[in-house]
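Colleague: One predicted model, sequence on top.
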Amino acid sequence: MVKIKLTTKVDSDVLVVGIGLKNKRLHIEPGSAQIDTNSLESTLTSMGVTGAADEVFKLPGKSTKLIVFTGLGNLDEPLSSETLRRAAGAAARNLAGNKAATFALPHKSVFELAAIAEGAALGAYTFTEFMGSKKSEQKAPLSQITVLSKFSDTNQAKDAIKRAEVIAEQTALVRDLINTPPSHLTPDSFCLRIKKEATKYGVKVEILNELALKKGGYGGIIGVGQGSANPPRLLRVSYTPSKFSKRFAFVGKGITFDTGGLALKPAQGMEAMKSDMSGAAAVIGAIFAIAQLKIPVAIDSWAPLAENMVSDTATRPSDVISIYGGKTVEVLNPDAEGRLVLADALIRAAEVGKKSGGLDGIVDVATLTGAQVVALGTRTSAVMTNNEAFSDQFLSAANIAGESFWPMPLPVELRASLDSPIADLANIGDRSGGMLVAGLFLKEFIDPQTPWLHLDIAGPAFNDKDAHGYTPVGGTGVALRSLVTLAELAVSQASKQ
């Protein structure tokens, strides 16, 4: 786990500073560090450095062995916290093989300081668990990050650094889970790993196996998982502090591998389907972080886990299943399976929440539709809701966290496409607006009185292109930071009421 500390002086052999364009000229932003910017700017200009975002350039230093310049882009405009977060992350990624580095990036507040620390820690990530003979050749990520800041002695800054460490630790867990191959991550092994992790954080774990799921009537989870030799599970992780002001339920899609079932996917790209449990990983990582930070909210995180496989026992197109609570679904497409497991878990989460005094909100997180990628690309996730105030609160949290989410509608005219002549509804409808149709399907399992958010993270959850900013290749950990910030905002707003 990466460690972060604050300082007022450079204390390592590697110094990271910012660089960008100001008045169309290359300009170094060294924060509180004392360096000869004029001569360095001239040298860097002659070497073709542009200061663009994601650009990282290294030079031998005088007082340090290495000076690292990380791109901040256009300095004629105010620097955003996300720009600082990404710049710190890009530098950290490029410093693998070094144990420690001092980050001297410009910042005017503890909030911006926190972004620098968080970005650097998120960038200091690698996944080498399954490297064999090549493992010794891999460069280890930074293990010690020092942030140079005039705020270093304040309690607020120290709290921000602690939070950055927790966010980085749990994001690394989420990324590790996503990157783990399906040969090693099944519904059962996912649960056992989380149960072991949970002992560190004082949270409770409940696991329903396939027998309990069948007895309980969880037809969605059973229907998706019945074609696999690895039976399904429903995982519940609960955090209930002694005093809390809000209660939420987080539900994450947990398909540990998705072949498409009898609607078999093409081979090209199927390897990325190990990431189809990104939502489940995110809600578990979020509750762990909330517990570590002792945020006074009660949370139940639910992970319906199944492996969608092809076999003689797999669900067939036109089969009818009964979701937990009794609503029936005609499965027209076995590759639209995520919504089926989520339906079970959403009903159960609401039921448990009601018995505990009611929910202030329920959030589901899922790599649900390819249509999300078509609509919003690979870096922006979608938000759908039955409560605009709750959506606005979440979007504020996502903006603070530096994660890109965009509100999408749930058009009532698309609902009719989910009608089935033989069941309560079908699991697919109009192909046009497929992301919205999937949201409308999930809405059928939500009490209209309960504020609800559906987060479709299909594209942003897994990066199969080049690394950028603090984002590595593979699992990204998206949604975790926004969920944690949502909990913090809810507490803050409750205290003002």
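Modeller: Yes, it's here.
Colleague: can you pull the buried residues of the biggest strand by length in the chain?
Modeller: Longest strand of the chain, by residue count under DSSP state E: strand 297-308. Within strand 297-308, the residues that count as buried by 16 or more other Cβ atoms under 10 Å are V297, A298, I299, D300, S301, W302, A303, P304, L305, A306, E307, N308. Every residue, glycine included, has its C-beta placed from N, CA and C.
Colleague: any idea which of those is closest to Q268?
Modeller: When the buried residues of strand 297-308 are ranked by distance to Q268 (Cβ to Cβ), N308 comes first, at 17.8 Å.
Colleague: how near is T102 to L340?
Modeller: 50 Å (Cβ to Cβ, to the nearest Å).
Colleague: quick one, which of those two is more surrounded?
Modeller: Using other Cβ atoms under 10 Å as the criterion, T102 and L340 rank with L340 on top: 29 against 24.
Colleague: so the more buried one sits right up against I428, yeah?
Modeller: No - using Cβ atoms under 8 Å, L340 makes no contact with I428, being 10.9 Å away.
Colleague: what's the domain layout of this protein?
Modeller: Structurally, the chain divides into domains by automatic domain parsing as follows: 3-171, 185-496.
Colleague: quick one: buried residues of the helix or strand hosting L177?
Modeller: L177 belongs to helix 155-179 when assigned by DSSP states H and E. By neighbour count with 16+ other Cβ under 10 Å, helix 155-179 contains the buried residues 157, 160-161, 163-179.
Colleague: Also stretch 10-23?
Modeller: Within stretch 10-23, the residues that count as buried by 16+ other Cβ under 10 Å are V10, S12, V14, L15, V16, V17, G18, I19, G20, L21.
Colleague: re earlier: which of the buried residues of strand 297-308 sits closest to F111?
Modeller: V297 (21.1 Å).
Colleague: partner residues bridging the closest one?
Modeller: Here V297 sits in beta bridges with K246, as judged by DSSP bridges.
Colleague: Quick check, it in contact with K243.
Modeller: No - assessed by Cβ under 8 Å, V297 is found out of contact with K243, at 10.2 Å.
Colleague: Could you check the pLDDT of Y201?
Modeller: With respect to pLDDT, Y201 has a value of 95.
Colleague: With secondary structure, distance to A87 and pLDDT added, can I get the buried residues of stretch 10-23 in CSV?
Modeller: CSV is the format used below for those (DSSP: H, G, I helix; E, B strand; the rest coil; distance: Cβ to Cβ, whole Å; pLDDT from 0 to 100):
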residue, secondary structure, distance to A87, pLDDT
V10, coil, 18, 90
S12, coil, 18, 89
V14, strand, 15, 97
L15, strand, 14, 97
V16, strand, 9, 98
V17, strand, 10, 98
G18, strand, 6, 98
I19, strand, 9, 98
G20, strand, 9, 98
L21, strand, 14, 97
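Colleague: Next, give phi and psi for S356.
Modeller: Per-residue torsions, S356: phi -90, psi 10 (degrees, to the nearest 10).
Colleague: and the closest residue to it other than its chain neighbours, how far is that from G353?
Modeller: Distances taken as Cβ to Cβ, 6 or more residues apart in numbering put R247 closest to S356, at 6.5 Å, once the chain neighbours are dropped. Using Cβ to Cβ, R247 is found at 7 Å from G353.
Colleague: Ok, E129 next?
Modeller: Look at E129 and G353: by Cβ to Cβ, they are 36 Å apart.
Colleague: got it, and P182?
Modeller: Using Cβ to Cβ, P182 is found at 31 Å from G353.
Colleague: does G338 really touch L368, like I thought?
Modeller: Yes - here G338 reaches L368: they are 5.1 Å apart, a contact under Cβ under 8 Å.
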